[in-house]
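J.: The sequence isn't on hand, but the structure is:
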Ligand code: HGY
Ligand code: MN
Ligand code: MN
């Protein structure tokens, strides 16, 4: 097994769930220990470490010409509850392996190379994904981040300080030309590469994500005493909305429309009490922003109708509604040439998952290198990418970092 795979196995021990399920939520003990492990490996090869005010970690290999903008790579190590050990981590530890290999062969980059471990790519704790790259790209500002509160009422600002990140939030955003380019190595989180026997995916576009919170308030009451005709059941309204989410996505004129109700809670959760409240978090995406927005509007309308007919009150909150990212043509062509030279089969493709690249594309020419994962499975404990697939991803990243930093 190659070194990256061994490191990923070690990383997987920093989790609050039983292996192979991985749970690593922002600023928890497991997250901070995992960060410490990453930093120790970076220090082994003398990378210069910097943290920003929210815990983005920058591991830098200074180039010979400090006047040139650095080339950046990186990804995330936080993991949603009961997920897998390759999502994000391949880009962080694979990036480190690419740099380690370049150093080993005596390469001297003209442009610096910066490996980034982004804080909180997953929306798990503070409900919005990519907090690290959103703030770096200026897409999330100080006022907005100060409003973030987790399910236990803990403020983001307090949580970051408790985790040891005290510096000013004003210093997080990077300027547009801070980096020369950004390339993220990541598992595909889909079945295409494996099915087609393709080694490398070259990402041309990243789908446009949106998250909608829906809070429903009905009348509740005694499960025995309230007749069906008199009920204002928030739980049933929520179920109807869940079915509407699926129907709107299926009826969309594009296969790229995907919608999920990933969180659905009811209160008071007593078998003999009619649900008084229901709470849904809805994830709706498409690679085409017009189609996505049309579906969002249709959904908001359906929620209004369902709640009107059922006498249930509702509150909506649009957590995020982002445009898609268009990846940089020069980098895509670069990767096509490099994979050809390496003898790897590659294909251009879209990313249905979002990534930190979605926001890094706002401040730097960006693309992604995808590697196959078994049966396209992700966000599940049986997520898997082989040592060989990872090796080819690292070799491709190494070659493109060398190509972009030698002049
Ligand atoms: O949800 C996503 O697309 C990413 O895995 N956070
Ligand atoms: Mn993920
Ligand atoms: Mn990811």
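T.: Ah, there it is. In this text the structure is predicted, and so the values were computed from the model without any measurement. Ligands and ions are numbered 1, 2, ... in the order given.

J.: in the stretch 151-300 of the chain, which ranges drop under the pLDDT threshold?
T.: Of all residues in the stretch 151-300 of the chain, none has pLDDT under 70.

J.: from it, which residue is nearest to ligand 3?
T.: Going by C-beta to the ion, ligand 3 is nearest to residue 186 of the stretch 151-300 of the chain, at 5.9 Å. Where C-beta positions appear, they are placed from N, C-alpha and C, glycine not excepted.

J.: what's whichever helix or strand residue 370 is part of packed up against?
T.: Element membership of residue 370, judged by DSSP states H and E, is strand 366-371. Counting contacts by 3 or more C-beta pairs under 8 Å, 6 or more residues apart in numbering; DSSP states H and E, strand 366-371 packs against strand 179-187, strand 200-206, helix 329-342, strand 346-351, helix 357-360, helix 387-405.

J.: List the buried residues of the first one.
T.: Neighbour counts over strand 179-187 (16 or more other C-beta atoms under 10 Å) mark 179-187 as buried.

J.: Just give me the closest of those to residue 20.
T.: residue 187 (14.9 Å; C-beta to C-beta).

J.: Number of residues surrounding the residue in the stretch 301-407 of the chain that ligand 3 sits nearest to?
T.: The nearest approach of the stretch 301-407 of the chain to ligand 3 comes at residue 355, 5.5 Å away (C-beta to the ion). Using other C-beta atoms under 10 Å, residue 355 is surrounded by 27 other residues.

J.: Which residue is the nearest non-sequential neighbour of the residue of the chain found nearest ligand 1?
T.: With C-beta to the nearest ligand atom, the shortest gap between the chain and ligand 1 falls at residue 353, namely 3.4 Å. Nearest non-adjacent residue to residue 353, counting by C-beta to C-beta, 6 or more residues apart in numbering: residue 189, 4.7 Å away.

J.: and that neighbour, how many neighbours?
T.: 19.

J.: Same check on residue 328?
T.: 18.

J.: ok so, going back, tabulate the helices and strands packed on strand 366-371 (JSON lines), appending distance to residue 49.
T.: Output for those, formatted as JSON lines (distance: least, C-beta to C-beta, whole Å):
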{"stretch": "strand 179-187", "distance to residue 49": "17"}
{"stretch": "strand 200-206", "distance to residue 49": "28"}
{"stretch": "helix 329-342", "distance to residue 49": "26"}
{"stretch": "strand 346-351", "distance to residue 49": "29"}
{"stretch": "helix 357-360", "distance to residue 49": "20"}
{"stretch": "helix 387-405", "distance to residue 49": "18"}
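
J.: Which of the ones you listed sits closest to residue 106?
T.: helix 387-405 (11.8 Å).

J.: about what we covered before: max pairwise distance over the buried residues of strand 179-187: which two?
T.: Greatest spatial distance among the buried residues of strand 179-187 (C-beta to C-beta): 180 and 187, at 25.3 Å.

J.: For residue 224, give me its contacts.
T.: Residues near residue 224 by C-beta atoms under 8 Å, 6 or more residues apart in numbering: residue 272.

J.: Reduced to three states, what does it come out as?
T.: coil (DSSP: H, G, I helix; E, B strand; the rest coil).

J.: Roughly how far does it sit from residue 236?
T.: Residue 224 sits at a distance of 17 Å from residue 236 (criterion: C-beta to C-beta, to the nearest Å).

J.: Report the buried residues of the lengthiest helix in the chain.
T.: Counting residues, the longest helix found in the chain (DSSP state H) is helix 289-310. Of all the residues in helix 289-310, those buried under the rule 16+ other C-beta under 10 Å are 289, 291-292, 294-296, 298-299, 302-303, 306-307, 310.

J.: Summarise which helices and strands that helix is packed against.
T.: Judged by 3+ C-beta pairs under 8 Å, 6+ apart, helix 289-310 is in contact with strand 208-217, helix 234-251, strand 277-286, strand 313-321.

J.: relative to helix 234-251, how tilted is it?
T.: 150 degrees (axes from the mean of the first three to the mean of the last three C-alpha atoms, to 10 degrees).

J.: picking that back up, show me what contacts the residue of the stretch 151-300 of the chain closest to ligand 3?
T.: Listed by C-beta under 8 Å, 6+ apart, the contact partners of residue 186 are 75, 87-88, 90-91, 351, 355, 368-371.

J.: before we move on, what SS does the nearest residue to residue 397 once chain neighbours are set aside have?
T.: Excluding the flanking residues, the one nearest residue 397 by C-beta to C-beta, 6+ apart is residue 98, at 4.5 Å. Taking three-state DSSP as the rule, one finds residue 98 in the helix state.

J.: For the one helix or strand residue 158 maps to, enumerate the helices and strands it packs against.
T.: Using DSSP H and E, residue 158 falls within helix 156-162. Taking 3+ C-beta pairs under 8 Å, 6+ apart as contact, the helices and strands that helix 156-162 lies on are helix 142-146.
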